[in-house]
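Build me a structure from this.
(one chain, ligands or ions: 2)
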Amino acid sequence: MTYEAEIVTQKKLATDCYRLEFYAPEIALSAQPGQFLMVKTSLTLDPLLRRPLSIQSVDHARGLVKVVYRVVGKGTALLAAKKLGRRLNVLGPLGRGFTMLTNGKFAVVAGGLGMAPLYFLVQRLKALGNEVTVFYGAQNRYQLVLVEQLAGLRVNYVTATDNGSSGFKGTVVDLLREKGLPPVDIVYAAGPPPMLRALGELLREVGMPRTEVSLEERMGCGIGACQGCAVKVHGTEGPVYKRVCADGPVFSAEEVIWE
Ligand SMILES: Cc1cc2nc3c(=O)[nH]c(=O)nc-3n(C[C@H](O)[C@H](O)[C@H](O)COP(=O)(O)OP(=O)(O)OC[C@H]3O[C@@H](n4cnc5c(N)ncnc54)[C@H](O)[C@@H]3O)c2cc1C
Ligand code: FES
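Ligands and ions are numbered 1, 2, ... in the order given. Modelled structure (predicted):
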């Protein structure tokens with residue numbers, strides 16, 4: 001479904017990083033953690049394609065939806081220039097999200113803006129009475145953009161930064177290697193591909209607990225029609241391709257072939 005959603009807030013969180021909130025009660029009601037939206041960033045044909053953004057959180061009561069994004073090109077720059085009260089054309093919620101369980105123990109491993117879909121997940125896992133530990137890494141403390149919101153969820157979290165400006169000095173995977181992974185039912189992860197690959201290697205060394213990763217690929221349609229977002233995964237008879245938009249974006253880490 002597409003919606004013309006009114007922009008309610010637009011806040012700069014760090015250099016080139018923004019949180020945008022819009023009114024879309026249907027999305028707020030139906031969205032599941034790990035799902036994403038295809039956002040039309042321009043009223044013209046440039047850029048032609050919608051841009052995929054993860055749902056960072058929803059507010060059922062007020063019908064609000066938040067996304068957090070980094071300006072990396074034309075589409076996200078146009079999004080950052082949008083003013084309050086303007087309408088945003090949004091398609092979604094799309095894709096298959098994270099597995100949700102109750103009364104379990106979970107580890108959440110986030111790199112940079114990978115925290116956006118994982119924040120929504122942590123929020124829901126906590127609401128379902130689960131025990132959640134978050135490992136959150138970024139280049140520096142200014143890039144740990146959702147750390148305050150995380151603190152508000154009263155969840156156990158540890159941070160890692162490449163330059164040591166917050167928490168552990170090193171990557172979030174270095175942190176896990178040093179501190180060890182607590183016994184958990186599922187590890188959930190999202191972040192840059194090198195981080196996810198390194199995490200997969202570490203988890204294999206410790207016996208590969210069940211792990212779900214959220215993948216990002218450039219997308220065309222976002223609804224499974226163009227094959228533009230294909231990723232290689234292990235099939236029963238060798239490698240096969242799956243579509244990040246329709247078969248994911250959440251996949252079992254064991255399934256993914258990192259290239
Ligand atoms: C399921 C999904 C969820 C996402 N969630 C978020 C989110 O919550 N917050 C956020 O900031 N970004 C997210 N992204 C990435 C976001 O969609 C891209 O950054 C955005 O489309 C870039 O658009 P642009 O027009 O600004 O840049 P473009 O001009 O299209 O590209 C600028 C640069 O970014 C690179 N790039 C663009 N898209 C991607 C991509 N999908 N993966 C890797 N590199 C890319 C290009 O190769 C190029 O170097 C998500 C992507 C997917 C597939
Ligand atoms: S973006 Fe078209 S099939 Fe995934």
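
May I see the buried residues of stretch 222-230?
Neighbour-count burial for stretch 222-230, with 16 or more other CB atoms under 10 Å as criterion, is recorded at Gly222, Cys229. In short, each C-beta sits where N, CA and C put it, glycine included.

Please apply the same query to stretch 24-39.
24-25, 27-28, 31-39.

Who are the contact partners of whichever residue of the stretch 1-150 of the chain sits closest to ligand 2?
For the stretch 1-150 of the chain, the nearest residue to ligand 2 under the criterion CB to the nearest ligand atom is Pro52, separated by 8.0 Å. For Pro52, the contacting residues are Phe36, Leu37, Met38, Val39, Leu94, Glu216, Met219, Gly222, Cys245, taking CB atoms under 8 Å, 6 or more residues apart in numbering as the criterion.

Need the max-distance pair from those.
With distance counted by CB to CB, no two of these lie farther apart than Val39 and Glu216, which are 14.4 Å apart.

Tabulate the buried residues of stretch 24-39 (a markdown table), appending secondary structure, distance to ligand 2 and pLDDT.
Conversion of these to a markdown table gives the following (DSSP: H, G, I helix; E, B strand; the rest coil; distance: CB to the nearest ligand atom, whole Å; pLDDT from 0 to 100):
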| residue | secondary structure | distance to ligand 2 | pLDDT |
| --- | --- | --- | --- |
| Ala24 | coil | 21 | 98 |
| Pro25 | helix | 26 | 98 |
| Ile27 | helix | 19 | 98 |
| Ala28 | helix | 24 | 98 |
| Ala31 | coil | 19 | 98 |
| Gln32 | coil | 18 | 98 |
| Pro33 | coil | 20 | 98 |
| Gly34 | coil | 16 | 98 |
| Gln35 | coil | 14 | 98 |
| Phe36 | strand | 11 | 98 |
| Leu37 | strand | 13 | 98 |
| Met38 | strand | 9 | 98 |
| Val39 | strand | 14 | 98 |
